[in-house]
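Novice: Pasted the sequence and its predicted model underneath.
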Amino acid sequence: MKFGTKAVHAGVEPDPTTGAIMTPIYQTSTYVQEAPGKHKGYEYARTQNPTRDALQNSLAALENAKYGLCFATGMAATDTIMKTLSPGDEVVASNDLYGGTYRLFTTVYAKYGIKFHFIPMDNLESIPAYINSNTKLIWIETPSNPLMNIIDIKGVAGIAKSKNVLLAVDNTFATPYLQNPIDMGADLVMHSVTKYLGGHSDTVMGAILTNNEDLYESYKYLQNSAGATPGPQDCFLVLRGIKTLHLRMKQHCENGFAIARFLHEHPNVSKVYYPGLESHPGFAIAKAQMRGFGGMVSFTLKDDNVETALKTLEKFKVFSLAESLGGVESLCGHPASMTHASIPREERMKAGLSDSLIRLSVGIEDSEDLIEDIKQAIAG
C-alpha cells in the first residue's frame, strides 16, 4: 500500500456500531463491565480509548512499525523513553537538539544520575569513542532543529547494533512521509505529533513507534502508570490531519525548496540551512535517506547581529512570529530566544547556533506570496 492510501485508511475502520466512516470521539472516562473483569476490551480511559487506539495504529502503519503509543505532548513521549533508564546509564545525543529535549536531559534526568554526551554526529567514526558499557541509548534528530543537520541513520544504527545500544530517532521534521528510520535500523521513532502530523496548529501530542515488543510493553506500562495520555478530541483531530499529510508535505517541500533557493541567491543573506541545497554538507545523505527535503529553513543575514535578526522578524506579514512549526500556516522564529533559549549560550554557539539565526516553518500558502514577504522583511 502506498503512502497516500495508508495516510487515508491505515489503522482506521468504520465504526462497528453505526458504520460511521470517521472514527468517533469516544468522550468517556470509563466503560461498563458485564461482571468484574468481563468487558469489551476497555476498562478505563487512561489505559485505553478507541479513538486513541485508532490513532496509534495509524501512526504505526505510517512508520512501518508494529506498535504505536501516543502521549499528551512530544516531551511526554521523550520523558517516557528516559524513564526506562537507570542511574549510572549514559546517553549519546546529537549536539543540535530541540531546546526542550536538551532541557529535559540536562535539568531533569541528569539529576537522577544519567549522563549525557552531546556530540556532532556528521563524522560516524567519532561516535564509538563516547560509547561504553554504561551506554544504553543514542538519541538523534535528523534533520535537526534548527540547523538542519543531517545524520546518517543507517550508519548510526549500525554502530548502535554493534555496541548493543538502542537508537532513537526524533523524526518530527521529516515525518514518515519523507523518511522511515525504523526501516533504516532505528529501534525507536519519536514524533512531536503537534507539528506536521497534526498539521493544523490545533493540538499538542507526542508518539513513540517501535517494532520491539519488549520496549512497547515497557512504554505502554509507563503510558498508563504515569498517565500522560492524550484526550480523544485531540486524537480525533490528529486522525483527521493525517489524512492529508501526504498532500501537505508535498507543498511544504515545494515551498521550502523555493524559499531556500531564493534565500541562497539573495545578497543580504550570508548562510542558508536547508538539506535540499547542494551546498548543504549533508545533501548527499539527505538525498539518499529522504524522499524530499521538508519545509524547515534556517538562515542568517549578512548583517549578522541579533538586533537586525529581531527587527527582521518583526517585519514579516504573512509569516507569523510564533513558537512551534509544521502547521499549514508559515511561522518564523528566533531559536536563541524562543525554542532553544533553555540551552546555555555557550553550548548553542559551540553547536553552531548563533544569536542571529532565523528559523522558518514554511507553510502551504502560495510560494510567491511567501517569497515577497521574505523579500520585504530582509530588504536592507
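Specialist: Perfect, I can see it now.
Novice: what does the domain assignment say about this protein?
Specialist: Listed domain ranges for the chain are 3-242, 245-378 (source: automatic domain parsing).
Novice: got a markdown table for those domains, with mean neighbour count too?
Specialist: Yep, even glycine has a C-beta here, placed from its N, CA and C like the rest. Compiled in a markdown table, the domains of the chain are given as follows (neighbours: other C-beta atoms under 10 Å):
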| stretch | mean neighbour count |
| --- | --- |
| domain 3-242 | 19 |
| domain 245-378 | 19 |
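Novice: What ranges in the chain fall below the confidence cut-off?
Specialist: Residues of the chain meeting the criterion pLDDT under 70: 380.
Novice: So which residues of it form strands?
Specialist: Assigned by DSSP state E, the strands in the chain fall at 67-71, 90-94, 115-119, 135-141, 166-170, 188-192, 206-210, 269-273, 296-301, 320-321, 331-333, 358-361.
Novice: name the helices or strands packed onto the fifth one?
Specialist: Counting by 3 or more C-beta pairs under 8 Å, 6 or more residues apart in numbering; DSSP states H and E, the packing neighbours recorded for strand 166-170 are strand 135-141, helix 153-162, strand 188-192.
Novice: contacting residues for Asp170?
Specialist: Residues near Asp170 by C-beta atoms under 8 Å, 6 or more residues apart in numbering: Thr78, Leu97, Tyr98, Thr101, Trp139, Ile140, Glu141, Met190, His191, Ser192.
Novice: quick one: the fifth one from Gly68, how far?
Specialist: To tie it back to what came earlier, the one meant is Trp139. Applying C-beta to C-beta, to the nearest Å, the value for Trp139 to Gly68 is 19 Å.
Novice: Quick check: Ile374 vs Gly352, distance?
Specialist: Distance of Ile374 to Gly352, given as C-beta to C-beta: 22 Å.
Novice: My error: substitute Ser133 in the last question.
Specialist: From Ser133 across to Gly352, the span is 31 Å (C-beta to C-beta).
Novice: Check Gly294 too.
Specialist: In this view, Gly294 and Gly352 are 19 Å apart by C-beta to C-beta.
Novice: Same check on Glu329?
Specialist: When C-beta to C-beta is the yardstick, Glu329 and Gly352 sit 28 Å from each other.
Novice: what residues are up against Ile81?
Specialist: If a contact means C-beta under 8 Å, 6+ apart, then Ile81 has Leu137, Ala168, Leu188, Met190, Ile208, Tyr219 as its contacts.
Novice: cutoff 6 Å now
Specialist: Not one residue lies near Ile81 by C-beta atoms under 6 Å, 6 or more residues apart in numbering.
Novice: ok, and the closest non-adjacent residue to Ala322?
Specialist: Leaving aside its sequence neighbours, Ala322 sits nearest to Leu331 (C-beta to C-beta, 6 or more residues apart in numbering; 5.0 Å).
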